[in-house]
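Trainee: Any chance you can model this:
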Amino acid sequence: AVGSLFAGRLGSLKQMHGKVWMLSSWAEHTNTIKSLPGLIVREEGSVGKGCLIGNIRCAGSAKEILDFQIAERNGENATSIKAVIIAVKQDGIRKAAQQAAQLLAKTHGGLCIALLNGIGHMDAIEDSLSYHDASAIAVHGIYHGGARIDSPGVVAHSGAGLTCMGSSRGADTDMVSDQALRQLSALFTEAGLRSEVRDDVVAAAWEKLCVSAALNGPAALLRVRNGEL
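Mentor: Below you'll find the predicted structure:
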């Protein structure tokens, strides 16, 4: 749901129309988006009330995106992939990391942002980038908001929250990569996903754990969504 939220929000920006790809193995979701003007993002709760359309492209594999890029190059309208966002469940991290590395393999100074809870997954992502000889920087990201898929092609932005990002290398990041990360953070904020770059991003991961630990149990017992507590 978080991946769809970020894709839809970014795709709603005029300057990003048609430039955002969403890679998903859920065919019903991607086929529905293709049949509509785009991905529908419905706002509710602390976000407000409203609806917007994310003008995005969808693919079921990294190869599909790369093949599209090759076709664009032949038409002299090529665009390189500058950043990949990974937003999957824990059991899908390694596959997603491999796909991200393939997409970023020929991009110099790219960013691979993992919007996942926890901290151990960054090793798997860095290993995949290294194996595919991708020079991209692995970025640890934490999203403190809420999202859910209501139906194929429709994602609900159910809770406003800050997105914290920081290089997994800490202070050992070159100036170009740091500038690219801050530009991406500004783009997130412009898309309605308030974001900041932090040197202590691991601390943000622990903050998210504390909040989840406090809310998930009572929400399960009361059979309500976290946002209702």
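Trainee: quick one: contacts for the residue nearest the centre of the chain?
Mentor: Computing the C-alpha centroid of the chain and ranking residues by CA atoms, centre = their mean puts residue 85 first, at 3.7 Å. With contact set as CB atoms under 8 Å, 6 or more residues apart in numbering, residue 85 has these partners: 3, 6, 7, 113, 115, 141. Every C-beta, even on glycine, is put in place using the N, C-alpha and C of the backbone.
Trainee: for the protein, which spans come out with low pLDDT?
Mentor: Within the chain, the ranges that satisfy pLDDT under 70 run 46-48, 73-79, 168-174, 176, 226-229.
Trainee: Now residue 125: closest residue in space that isn't a chain neighbour?
Mentor: In space, and not counting its chain neighbours, residue 125 is closest to residue 97: 4.5 Å by CB to CB, 6 or more residues apart in numbering.
Trainee: And for that neighbour, the neighbour number?
Mentor: A total of 27 residues lie near residue 97 under the criterion other CB atoms under 10 Å.
Trainee: That one contacts residue 124, correct?
Mentor: Yes. If you go by CB atoms under 8 Å, residue 97 and residue 124 touch, sitting 5.4 Å apart.
Trainee: Which stretches in the chain count as helices?
Mentor: Remark: helices assigned in the chain by DSSP state H are 2-11, 27-35, 62-74, 93-104, 121-131, 175-190, 201-222.
Trainee: Can you say which of those helices is packed in most?
Mentor: helix 2-11 (a mean of 25; mean count of other CB atoms under 10 Å).
Trainee: ok, and what's touching it?
Mentor: Contacts for helix 2-11 (CB under 8 Å, 6+ apart): 16-17, 19-22, 24, 29, 38-41, 52-56, 85-88, 115, 143, 145, 147, 149, 155, 157, 187-188, 191-193.
Trainee: just to revisit the earlier point, with distance to residue 80 as added columns, please give the helices of the chain in CSV.
Mentor: Shown next, in CSV, are those (distance: least, CB to CB, whole Å):
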stretch, distance to residue 80
helix 2-11, 17
helix 27-35, 23
helix 62-74, 8
helix 93-104, 9
helix 121-131, 16
helix 175-190, 12
helix 201-222, 26
